[in-house]
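Asker: Okay, structure incoming, though there's no sequence with it:
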């Protein structure tokens, strides 16, 4: 079973100059299995981010040390923010932006490792959405839960509490990127914790459909760590940019981008 660090180290850096809105429209298989940053098109920087995020997960670096290492990389390549972006969340050299990138990558890798650990579990068949980090202007997650609940027809999810089966489609419906894994939006401070069978049953989640979905999950092979993503909607200019910047890390076959290895 892969650890969170294994999952993160298997991610392929994707140096494409896309905005956060453009990334949100990409397929979940791409965003979960790649290292990227809004408007970050430098391969060495993405490799450094992957290295430092993995170091945080293994205890090899604190978040402060990881930020300093990324700063050294940015200084080495002569990074300067775009005019007007200095000191904003768009400034890659700023503390807030580096924290955001590191938190997103470490949380997603840990969430994916958690999903593998509880795949098809009957002892812990559900998750609860919880706040792990305080925010000065928190998003309305109970509202987002109700909207996602409606979008998936309540499948495997509670209408009264933010609890759902590990197999429920509500987790993908909650996500900005359409993936099953936390975080579900940039800098959200939200994550999920396992819920035991007794609590899931008390919420009415353990019906025949639940057992069937958990049994299917338990007998489904784990998702591969390598990446093959179908991207029919990637604009031609960004496709050309990805080809030029990937430095041999990936090849196109029609609309499918297959990653051949990691540097």
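Answerer: Received, thanks. Given the structure is predicted, the values throughout are model-derived calculations rather than measurements. Residues are numbered from 1 along each chain as shown.

Asker: Which parts of the stretch 101-250 of the chain are strands?
Answerer: Along the stretch 101-250 of the chain, the stretches classed as strands by DSSP state E, counting those that start in this stretch are 126-131, 163-165, 190-195, 228-230, 250-253.

Asker: Quickly, which of those strands bottoms out on average pLDDT?
Answerer: Within these, confidence is poorest for strand 228-230, with a mean of 57 (mean pLDDT).

Asker: May I ask which helix or strand of this protein has the lowest mean pLDDT?
Answerer: The helix or strand of the chain with the poorest confidence is strand 228-230; it has a mean of 57 (mean pLDDT, DSSP states H and E).

Asker: Show me the longest helix that occurs in this structure.
Answerer: Scanning the chain for the helix with the most residues, using DSSP state H, yields helix 95-117.

Asker: Give me the angle between that helix and strand 190-195.
Answerer: Following axes from the mean of the first three to the mean of the last three Cα atoms, to 10 degrees, one obtains 20 degrees for the angle between helix 95-117 and strand 190-195.

Asker: Show the contacting residues for the residue nearest to the spatial centre of the chain.
Answerer: Per Cα atoms, centre = their mean, the C-alpha nearest to the average position across the chain is that of residue 108, at 4.0 Å. If you count contacts by Cβ atoms under 8 Å, 6 or more residues apart in numbering, residue 108 has them with 32, 179, 181, 182, 183. C-beta: built from backbone N, CA, C; applies to glycine.

Asker: Using CSV, lay out these together with neighbour count, distance to residue 26 and pLDDT.
Answerer: Putting those into CSV (neighbours: other Cβ atoms under 10 Å; distance: Cβ to Cβ, whole Å; pLDDT from 0 to 100) gives the following:
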residue, neighbour count, distance to residue 26, pLDDT
32, 22, 10, 79
179, 22, 10, 87
181, 24, 15, 89
182, 25, 18, 91
183, 25, 16, 89
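
Asker: List the buried residues for the longest helix of the chain?
Answerer: For helix 95-117, the neighbour count (16 or more other Cβ atoms under 10 Å) marks 97-115 as buried.

Asker: Just the element for residue 89, please.
Answerer: Under the criterion DSSP states H and E, no helix or strand holds residue 89.

Asker: I'd guessed it sits against residue 99; true?
Answerer: No. Residue 89 is not in contact with residue 99 according to Cβ atoms under 8 Å; the separation is 9.9 Å.

Asker: Tell me the residues that contact both of the two, please.
Answerer: Counting by Cβ under 8 Å, 6+ apart, residue 89 and residue 99 have no contacts in common.

Asker: how about the helices of the chain, start to end?
Answerer: Using DSSP H, the helices of the chain run over residues 4-9, 20-24, 28-32, 43-58, 63-76, 95-117, 141-151, 170-174, 197-202, 208-218, 236-245.

Asker: Same list, those helices, but as a markdown table with distance to residue 157 please.
Answerer: Conversion of those to a markdown table gives the following (distance: least, Cβ to Cβ, whole Å):
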| stretch | distance to residue 157 |
| --- | --- |
| helix 4-9 | 25 |
| helix 20-24 | 22 |
| helix 28-32 | 19 |
| helix 43-58 | 29 |
| helix 63-76 | 33 |
| helix 95-117 | 16 |
| helix 141-151 | 5 |
| helix 170-174 | 4 |
| helix 197-202 | 11 |
| helix 208-218 | 11 |
| helix 236-245 | 35 |
